[in-house]
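# return a 3D structure for these sequence lines:
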Amino acid sequence: MRINRIALQLVLAAALAGPLAVPSARAQATGGPTQPQAPQAPATPAPAPPGAAPAPQPDEPPTEAEILIDQAIKKVAAVKAVSAELTQEVKMLGEKFRIKGRYLKAPDARVYLRLDVEGLPGSSGTMLQVSDGEVLWDYSKVLDGQSYRKISVKPILERLEAPELDPTLKEQILASLGFAGPDALLSGVRKAVRFDQHDEGEYDGRPVHIFHGAWRSREGLTGPDQRPVPPLGRLPSYIPSHATLTVDKETGWPYKLDLYGLKDSIVAVDTRKVGLDGTKIGSKASIEKQEPSELSLVYSNVQFAPAFTDADFAFQAPPNAEVEDNTEVILGGLNRAIEQMALQKRMEAANAGSSLPTTIEVPAPPPAAEIPK
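Numbers count the residues shown, from 1 in each chain. Prediction:
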């Protein structure tokens with residue numbers, strides 16, 4: 001069963017702290033491949049076709065709520081050491097599953113993230129990313145299949161400090177490698193959702209900001225049949241079009257993110273299976289009305305500056321395991337990106353009217369475990 005790509009992507013990004021292309025919950029749990037996307041430099045957007053919903057303007061001033069979220073992003077990014085448990089609940093198009101995990105961050109590029117999927121019939125999986133500051137391991141287990149990947153951390157982090165490298169591209173690369181954290185969640189939500197309301201309240205005894213908003217743009221939003229949703233009108237309830245974000249007032253930590261469809265827009269969605277001849281199996285009477293989608297991410301037991309040991313970030317593949325080392329591939333892509341950006345800056349300085357292709361060919365590392373995050 002197809003699950004809306006953009007909505008689930010946002011929830012998974014909360015845990016993996018990086019962009020993922022998620023075709024469906026079941027495909028992820030059964031190991032369906034996700035093609036990595038090369039980061040792109042900012043491009044000038046094309047004008048919208050007549051009758052299309054207007055896209056948000058790049059210079060759109062931030063709302064009061066978004067200014068507070070921007071402040072929270074800076075606070076979370078500045079955290080040097082933290083540990084937290086996380087749980088993700090997904091209810092969408094008749095599917096229900098849960099992801100439970102643990103996140104650790106310490107100085108010297110030490111990170112730990114483990115995710116385990118629960119409740120998806122016929123599917124199971126585990127993803128683990130762990131770095132001791134020297135080697136970043138990426139382990140995944142989907143059903144009976146296992147994979148091991150690694151990169152050497154220091155040469156890549158050193159290359160990322162090149163002054164020619166665009167800060168946005170650097171952020172994308174760090175996120176794709178697994179070094180970003182809940183600050184990347186906040187940044188991703190901030191870019192995708194227009195927050196125009198906020199309240200104050202308490203969450204587990206802590207004073208918090210509670211932000212409310214809706215999708216900025218319908219670009220990329222699709223239905224169960226993968227056709228784009230209409231550019232105008234009310235979004236169907238299976239698309240979680242609205243968001244509520246709960247953030248600690250003092251630390252900026254995102255305790256909870258809820259994405260949901262509007263409850264008063266329940267519609268019938270044709271979820272019948274397709275036969276070999278391309279026709280739907282079953283009568284139209286078997287089509288059930290779909291309840292509004294609900295996706296929720298919760299961070300709990302958040303501890304700042306906890307006492308870590310080396311064992312918290314230790315990992316070693318079994319002696320007989322096949323290990324894929326992607327260090328040279330990533331370094332090669334970084335070098336090409338830096339060369340292109342340096343050339344672009346020189347040409348722009350020589351001729352303000354000149355331009356170069358906006359796509360920077362930096363191969364992303366192989367995707368992490370294809371688990372429905």
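# residue 178: how many residues sit nearby?
Using other CB atoms under 10 Å, residue 178 has 22 neighbouring residues. Yep, even glycine has a C-beta here, placed from its N, CA and C like the rest.
# for residue 135, same thing?
The number of residues packed near residue 135 is 16, by other CB under 10 Å.
# run a quick check on it versus residue 150, I expect a contact.
Yes: under the criterion of CB atoms under 8 Å, residue 135 lies in contact with residue 150, with a separation of 5.3 Å.
# right, and the helix or strand after the worst-scoring helix or strand of the chain on mean pLDDT?
Comparing helices and strands within the chain by mean pLDDT, DSSP states H and E singles out helix 25-29 as the least confident, with a mean of 34. From helix 25-29 onward toward the C-terminus, using DSSP states H and E, the following helix or strand is helix 64-77.
# show me what that next one packs onto, helices and strands only.
In this structure, helix 64-77 packs against helix 182-192, strand 193-203, strand 206-215, strand 242-248, with contacts taken as 3 or more CB pairs under 8 Å, 6 or more residues apart in numbering; DSSP states H and E.
# name the residues of that helix that are buried.
Along helix 64-77, these residues count as buried under the neighbour rule (16 or more other CB atoms under 10 Å): 65, 66, 68, 69, 72, 73, 75, 76, 77.
# could you dump those to a markdown table with distance to residue 219?
A markdown table is the format used below for these (distance: CB to CB, whole Å):
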| residue | distance to residue 219 |
| --- | --- |
| 65 | 22 |
| 66 | 19 |
| 68 | 26 |
| 69 | 21 |
| 72 | 26 |
| 73 | 23 |
| 75 | 30 |
| 76 | 27 |
| 77 | 27 |
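# of these, closest to residue 104?
residue 76 (14.6 Å; CB to CB).
# in the stretch 51-200 of the chain, where is pLDDT below threshold?
Of all residues in the stretch 51-200 of the chain, those with pLDDT under 70 make up the ranges 51-59, 122.
# to clarify, my last question referred to the stretch 251-373 of the chain.
Under the criterion pLDDT under 70, the flagged ranges of the stretch 251-373 of the chain are 264-273, 282-290, 353-373.
# mind jotting down where the helices sit in it?
Listed in chain order, the helices found in the stretch 251-373 of the chain under DSSP state H, counting those that start in this stretch are 327-350.
# the helix or strand harbouring residue 115: which residues count as buried?
Here residue 115 sits within strand 110-118, counting by DSSP H and E. Within strand 110-118, the residues scored as buried using 16+ other CB under 10 Å are 110, 111, 112, 113, 114, 115, 116, 117.
# mind putting these in CSV, distance to residue 315 included?
Output for these, formatted as CSV (distance: CB to CB, whole Å):
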residue, distance to residue 315
110, 11
111, 11
112, 9
113, 12
114, 10
115, 15
116, 16
117, 20
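# now flag whichever of these is closest to residue 334.
Compare each of these with residue 334 using CB to CB and the shortest gap goes to residue 111, at 19.4 Å.
# give the closest residue to that closest one in space, chain neighbours not counted.
Leaving aside its chain neighbours, residue 111 sits nearest to residue 131 (5.0 Å; criterion: CB to CB, 6 or more residues apart in numbering).
# for the one you found, which residues make a bridge with it?
Applying DSSP bridges to residue 131 yields these beta-bridge partners: residue 111, residue 136.
# what about it, neighbour count?
The criterion is other CB under 10 Å. On that basis, residue 131 has 24 neighbouring residues.
# that one touches residue 178, doesn't it?
Yes: counting by CB under 8 Å, residue 131 touches residue 178, with 7.3 Å between them.
# and for those two, which residues touch both?
Taking CB atoms under 8 Å, 6 or more residues apart in numbering as the contact rule, the neighbours common to residue 131 and residue 178 are residue 111.
# ok, back up a step: of all the helices and strands packed on helix 64-77, which one comes closest to residue 311?
helix 182-192 (23.5 Å).
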